[in-house]
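In: turn this into a structure:
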Amino acid sequence: MEMNRRIAETHVLVLPLPFQGHINPMLQFSKRLASKEGETTNDVNELIQLYEVLFSKRLADFIEKNQTCSQHPAKVLVYDSEMPWAFDVAKRFGLQGASFFAKCCAVNAIFYHLNQGTFRVPLEEPVVS
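Out: Next comes the predicted model:
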């Protein structure tokens, strides 16, 4: 009972990367969140840096407006894993953050092993012997 009340009181902002393959998975995720009686809001190299700078400012403005004008201010920001800077914006406003991985699990595993140094690209040995 207490868990259902907390879910119903939690407003989650959902921030997908606006590129093919990112919007629909987070939209479906948002629908599942909303079905649990929580409230969700979907705002759906040089170019990426420009996008990050401009969108960070707009996201901050949007969160600030939401925090001051909403009866149920957001407590959590779910953002696309391709936009880690969104978490920094969320922290500035005291929001919790959750990264959403729109890629398939295999891609996430490859990135994990690259980060851990388990294997390097380009591969040093033939994959098939």
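
In: show me where pLDDT drops low in the protein?
Out: 1-9, 37-48, 123-129 (pLDDT under 70).

In: can you show me the strands along it?
Out: In the chain, the segments counted as strands under DSSP state E are 11-15, 39-42, 76-80, 96-100.

In: want to throw those into CSV with distance to residue 88 and mean neighbour count?
Out: Any C-beta I mention is one placed from the backbone N, CA and C, and that applies to glycine too. Below are those laid out as CSV (distance: least, C-beta to C-beta, whole Å; neighbours: other C-beta atoms under 10 Å):
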stretch, distance to residue 88, mean neighbour count
strand 11-15, 13, 22
strand 39-42, 19, 18
strand 76-80, 10, 21
strand 96-100, 9, 16
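
In: so who does the residue nearest the centre of the chain touch?
Out: For the chain, the residue nearest the mean C-alpha position is residue 79 (1.3 Å; C-alpha atoms, centre = their mean). Counting by C-beta atoms under 8 Å, 6 or more residues apart in numbering, residue 79 touches 15, 86-87, 90, 97-100.

In: format those residues as TSV; extra columns: distance to residue 35.
Out: Shown next, in TSV, are these (distance: C-beta to C-beta, whole Å):
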residue	distance to residue 35
15	20
86	24
87	25
90	23
97	22
98	17
99	22
100	17
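
In: one step back: which residues does the residue nearest to the centre of the chain form beta bridges with?
Out: Here residue 79 shows beta-bridge partners residue 15, residue 99, assigned using DSSP bridges.

In: I'd like the numbering to begin with 49 instead of 1 from here.
Out: That works, and once the first residue is 49, the last one we named lands at residue 127.

In: and the two most separated of the contacts of residue 127?
Out: The largest separation in the contacts of residue 127, counting by C-beta to C-beta, is between 138 and 148 at 12.9 Å.

In: nothing else from me, thank you.
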